[in-house]
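Asker: test case, fold it:
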Amino acid sequence: MSTENEGAAVPPAPSAPPVPVDAPAAPAPQQPPAPEGGAAPTTPLPPVPSDTPASSNGTQPYAAEPHAPEVPANGPQPTPAAAASHGAQPTGPTGPQGSAPDASWPPPPPPGTPPYADAGAPAGAGAGMGAAGMGGAGAGSGWGATYQQPAPKSGRGRGGLLAAVLIAALVAGGLGGGLGYTLARNDDNTSSTTVSASDSGGSLKRDPGTVAGVASTALPSTVTIQAESSAGEGGTGTGFVFDREGHILTNNHVVADAVDGGKLTATFPSGKKYDAEVVGHAQGYDVAVIKLKGAPPNLKPLTLGNSDKVAVGDSTIAIGAPFGLSNTVTTGIISAKNRPVASSDGTSSNASYMSALQTDASINPGNSGGPLLDAQGNVIGINSAIQSAANGLGGTSQSGSIGLGFAIPVNQAKYVAQQLIKTGKPVYAKIGASVSTGDTTDGAKIIDQNTGGSDAIEAGGPADKAGLKPGDVITKLDDTVIDSGPTLIGEIWTHQPGDKVTITYERGGQTHTVDVTLGSRTGDS
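Answerer: The predicted model follows:
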């Protein structure tokens, strides 16, 4: 399995609840001219006919049809002329004036029954009904009148109910808004009903274990690296502070252009930029160390975790400069461990091999060399490669993340960095045998002969001492299944020279195991 290196080439505040549009109110009845001094009507009431039938509830029939305009119960009573001016027009000749009013009229209503059907009509409104004669009767007669549509009642009936509902809704909807307005604008004595948003959301305290907390701690210790060759070619990558002496850990392919006489700079999130130089680089591991020139004394190295204890499903946080966008933070999980990855920076035929941590945190060109952190902010890997959707594994185009990112385990990167700082050269563990790097799933086959004609098994090397021969197919290293040559190389390079490993191999259809003490090789040649 191979993959490309992903190093980049160069609202308004809320308002009060809406006020519903009022329904058209019934026209207010005109008030009759009141007699001076609040006196009673000057026209006597007509006598009650002796044969007037009573309704079932004891009230007079016309008492249920209050046509006259409403008059306050405690206000002046209308005169007959005023009543006539409100629509009670005579339909026949006016009869003679009636006799003096009967003191027994109107009769008292039954208990609990108002004198008029409209409980809201003021007293005296019904009396005004007889002030003008109807149906040819005289002024003193209330009978024979044709039915007339009752005048609209102001603020009563259905209209009043609708208004009540709207007011109730306004109060219910405005309660929260009014409360918020009171809290936000307690010192405002104006009549404005605009709800004002709070000027501040309050002080936020982010725990160290949150993504925001981890990012705020780690970002100041990351840098964006600009590498430029002597020919002016180069790109952008990322690195992080390895120690207080100004060493920055990153990928080899990030700084490769600046190795031979190129220019190298490192810029912190604060904007402070430093020139830098390459201390050492390991193409096989894809690890490099650079050092800041004039490094500040207050550098804070990132804490290194233990990549051997990482579990699939653990949270991850990646920091880098994807496509040149410095100080970008993305999150994901560990999708797999010990993923065999072979990658190349495209500048030579030599490849990098790693037994990588796989993550779905978004990693893009420019993230290379940046830290992959766990949920506590410890570095568990160096972001190094992605799978390309365009060209598949091993391509070199500037493709974006598809959720398949790969990081060098930090335990391996730490060992390599220490060697580079100490000697400037990488040291690789080896078994002393050459294996096929072609696509296969059967294991790592020891080839018969190297390309240059040399023996595939180094004389006196670890493989030779263990009795391995050309044609043997290695299927396991310790408990790790080996399905190809790149898988074997990447797995061996997670160890250090002198480590003892158990190799399982097949020969002639038989399975064998043998213990091998790993040798060493210095440099990339």
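Asker: from one end of stretch 465-479 to the other, what's the distance?
Answerer: 22 Å (C-alpha to C-alpha, to the nearest Å).
Asker: buried set for that stretch?
Answerer: For stretch 465-479, the neighbour count (16 or more other C-beta atoms under 10 Å) marks Ala466, Leu468, Asp472, Val473, Ile474, Thr475, Lys476, Leu477 as buried. For every residue, glycine as well, the C-beta is placed using N, CA and C.
Asker: kindly indicate which of those lies nearest Asp243.
Answerer: Distance to Asp243 across those (C-beta to C-beta) is lowest for Leu477, with 31.9 Å.
Asker: my read is that the closest one contacts Gly490, right?
Answerer: No. Applying C-beta atoms under 8 Å as the test, Leu477 and Gly490 come out as separate, 10.2 Å apart.
Asker: hmm, back to that, now the buried residues of stretch 465-479 as a markdown table including secondary structure, distance to Gln510 and pLDDT?
Answerer: Output for the buried residues of stretch 465-479, formatted as a markdown table (DSSP: H, G, I helix; E, B strand; the rest coil; distance: C-beta to C-beta, whole Å; pLDDT from 0 to 100):
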| residue | secondary structure | distance to Gln510 | pLDDT |
| --- | --- | --- | --- |
| Ala466 | helix | 16 | 94 |
| Leu468 | coil | 14 | 95 |
| Asp472 | coil | 11 | 95 |
| Val473 | strand | 11 | 96 |
| Ile474 | strand | 14 | 96 |
| Thr475 | strand | 12 | 96 |
| Lys476 | strand | 15 | 95 |
| Leu477 | strand | 18 | 95 |
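Asker: out of the residues you listed, which comes closest to Val341?
Answerer: For these, the nearest to Val341 is Leu477 (16.3 Å; C-beta to C-beta).
Asker: how much space between the closest one and Pro409?
Answerer: Distance, Leu477 to Pro409, by C-beta to C-beta, to the nearest Å: 15 Å.
Asker: ditto for Tyr505
Answerer: Taking C-beta to C-beta, one finds Tyr505 at 25 Å from Pro409.
Asker: buried ones in stretch 307-314?
Answerer: Ser307, Val310, Asp314.
Asker: give the next helix or strand downstream of the helix or strand where Val223 lies.
Answerer: Taking DSSP states H and E as the definition, Val223 sits inside strand 222-228. Per DSSP H and E, the first helix or strand lying C-terminal to strand 222-228 is strand 234-241.
Asker: now the angle between strand 222-228 and that following strand, please.
Answerer: 150 degrees (axes from the mean of the first three to the mean of the last three C-alpha atoms, to 10 degrees).
Asker: in three-state terms, label the closest residue to Ala433 other than its chain neighbours for me.
Answerer: Nearest residue to Ala433, sequence neighbours excluded (C-beta to C-beta, 6 or more residues apart in numbering): Ala463, at 3.9 Å. Three-state call for Ala463 (DSSP: H, G, I helix; E, B strand; the rest coil): helix.
Asker: going forward, count from 27.
Answerer: I'll keep to 27 as the first residue from here, and by that count the last item is Ala489.
Asker: pretty sure Ala489 contacts Ser460?
Answerer: No. Using C-beta under 8 Å, Ala489 is not in contact with Ser460, being 9.5 Å away.
Asker: more crowded one of these two?
Answerer: A direct count of neighbours by other C-beta atoms under 10 Å for Ala489 and Ser460 places Ala489 higher, at 24 against 20.
Asker: residues contacting the more buried one?
Answerer: Ala489 sits next to Ile457, Gly458, Ala459, Ile472, Ile483, Val542 when contact means C-beta atoms under 8 Å, 6 or more residues apart in numbering.
Asker: one more time with 6 Å
Answerer: For Ala489, the contact set (C-beta atoms under 6 Å, 6 or more residues apart in numbering) comprises Ile457, Gly458, Ala459, Ile483.
Asker: still on that earlier bit, a markdown table for the buried residues of stretch 491-505, including distance to Lys326?
Answerer: Shown next, in a markdown table, are the buried residues of stretch 491-505 (distance: C-beta to C-beta, whole Å):
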| residue | distance to Lys326 |
| --- | --- |
| Ala492 | 46 |
| Leu494 | 47 |
| Asp498 | 49 |
| Val499 | 49 |
| Ile500 | 43 |
| Thr501 | 45 |
| Lys502 | 42 |
| Leu503 | 38 |
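Asker: from those residues, pick the one nearest Val305.
Answerer: Distances from Val305 to the buried residues of stretch 491-505, taken by C-beta to C-beta, are shortest for Leu503, at 31.0 Å.
Asker: quick check: the closest residue to the closest one other than its chain neighbours vs Ile500, distance?
Answerer: Taking C-beta to C-beta, 6+ apart, and ignoring the residues beside it in sequence, Leu503 has Glu517 as its nearest neighbour in space, at 5.1 Å. Using C-beta to C-beta, we find Glu517 at a distance of 10 Å from Ile500.
Asker: for Lys451, same thing?
Answerer: 27 Å.
Asker: helices of the stretch 177-326 of the chain, residue ranges please.
Answerer: For the stretch 177-326 of the chain, the helices defined by DSSP state H, counting those that start in this stretch occupy 183-210, 237-244, 278-281.
Asker: lowest mean pLDDT across those helices, which one is that?
Answerer: Lowest mean pLDDT of those: helix 183-210, a mean of 37.
Asker: where does the residue nearest to Ala459 land on pLDDT?
Answerer: On the pLDDT scale, Ala489 gets 95.
Asker: now do Gly235
Answerer: The predicted local confidence for Gly235 is 76.
Asker: now swap in Gly118 and tell me
Answerer: Confidence at Gly118, expressed as pLDDT, is 44.
Asker: looking at this protein, which helix or strand does the model trust least?
Answerer: For the chain, counting by mean pLDDT, DSSP states H and E, helix 183-210 ranks last in confidence among helices and strands (a mean of 37).
Asker: contacting residues around the strand or helix carrying Tyr454?
Answerer: Using DSSP H and E, Tyr454 sits in strand 453-456. Under the contact criterion C-beta under 6 Å, 6+ apart, strand 453-456 has outside partners Gln445, Ile518, His521, Gln522, Pro523, Leu544, Gly545, Ser546, Arg547, Thr548.
Asker: likewise for stretch 469-481?
Answerer: 459-462, 482, 496, 498-501, 508, 511, 514.
Asker: how much space separates the residue nearest to Ala459 from Gly450?
Answerer: To Gly450, Ala489 is 29 Å away according to C-beta to C-beta.
Asker: cool, and Ser333?
Answerer: From Ser333 to Gly450 the distance is 24 Å (C-beta to C-beta).
Asker: now do Ile434
Answerer: Taking C-beta to C-beta, one finds Ile434 at 19 Å from Gly450.
Asker: and these two? Which one has more around it.
Answerer: A count of neighbours by other C-beta under 10 Å puts Ile434 above the other of Ile434 and Gly450, at 30 against 13.
Asker: surely the more buried one and Tyr379 touch.
Answerer: No. Contact criterion C-beta atoms under 6 Å: Ile434 and Tyr379 do not qualify, at 10.3 Å.
Asker: which element, helix or strand, includes Val527?
Answerer: In the assignment (DSSP H and E), Val527 maps to strand 526-533.
Asker: quickly list what Thr250 is bridged to.
Answerer: Following DSSP bridges, Thr250 is listed with bridge partners Thr264, Thr293.
Asker: ok, now which ones touch it?
Answerer: Thr293, Ala347, Ser352.
Asker: redo those residues as a markdown table? Include distance to Thr385 and neighbour count.
Answerer: As requested, these are exported to a markdown table (distance: C-beta to C-beta, whole Å; neighbours: other C-beta atoms under 10 Å):
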| residue | distance to Thr385 | neighbour count |
| --- | --- | --- |
| Thr293 | 25 | 18 |
| Ala347 | 17 | 27 |
| Ser352 | 20 | 19 |
